[in-house]
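[1] From the sequence below, what's the structure:
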Amino acid sequence: MKVLCVCLGNICRSPTAEAVLRALAAREAPELALTVDSAGTANYHPGAPPDRRSQAAARLRHYDLSGLRAREVLASDYATFDLILAMDRSNLRDLLNSAPRAAHGRIQLFLDYAPEQPVREVADPYFGGPSGFEDVLDLIEAASRGLLRHLRTRVPGA
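    Okay, here's the model as predicted:
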C-alpha cells in the first residue's frame, strides 16, 4: 500500500503526516508494509526542508522530519499511489481537479480517518503560533492511527 499525504506547499502539514504515518506504521502495523510520501499542490518550496517549527514540534514527539524535502504533486502520483490524502478541502479540490477520473476514488481528506475529531481539516499552521503545530500533530496522529486501523481490516492476516 502506497500513501501520499498532500498539503499546499509540502513544508508543514504533509511532511508531518508523512513522518508520523511512516513511524506509526513501522511501530504499530509493520505487517502493512506501508510506503508513505508527501507532496504539495503548489510548487512554492521545491527541495526545501520542512518548516523549522514543524520539525521542532515533531522532534518533541520523537518524529524526524529532517530528511524530507518539499515537492509538488506529479501527474504520475495519481497512478503510483493507492491512497492520496489531502489535509484540507482546498487541497482536496485541487487534487480532484488535476487527477484523472479513475483516481478520484483514491483521493480523500486525511481526517476522514479520524471521525472522532470535531474538525474535518488539518489547518495550515504556517502563519499562526506554536500551538498550531501541536494541533497539527494531534490531528495527524489521530488520523494516522485511524488509517492504520482501517487498513488492517482490509489486509488478510493483518
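[2] Look through this protein and tell me its longest helix.
    Using DSSP state H to assign secondary structure, the helix with the most residues in the chain is helix 130-154.
[3] what does the average pLDDT come to for it?
    Helix 130-154 carries an average pLDDT of 96.
[4] what helices or strands is it leaning on?
    In terms of contacts (3 or more CB pairs under 8 Å, 6 or more residues apart in numbering; DSSP states H and E), helix 130-154 is packed against helix 13-28, helix 52-60. Where C-beta positions appear, they are placed from N, C-alpha and C, glycine not excepted.
[5] pretty sure residue 86 contacts residue 111?
    No: the criterion here is CB atoms under 8 Å, and residue 86 misses it with residue 111 at 9.4 Å.
[6] Which one's more surrounded, these two?
    residue 86 (28 against 22; other CB atoms under 10 Å).
[7] Provide the partner residues of that one in its beta bridges.
    On DSSP bridges, the residues paired with residue 86 through beta bridges are residue 6, residue 109.
[8] so where is the chain shaky, pLDDT-wise?
    By pLDDT under 70, the low-scoring segments of the chain are 155-158.
[9] The same query, at a cut-off of 90, please.
    Residues of the chain that meet the criterion pLDDT under 90 lie in 128-130, 154-158.
[10] Tell me who's in contact with the closest residue to residue 5 other than its chain neighbours.
    In space, not counting the residues next to it along the chain, residue 5 is nearest to residue 17; the distance is 3.7 Å by CB to CB, 6 or more residues apart in numbering. Taking CB atoms under 8 Å, 6 or more residues apart in numbering, we find residue 17 in contact with 5, 7, 38, 85, 87, 110, 122, 140, 143-144.
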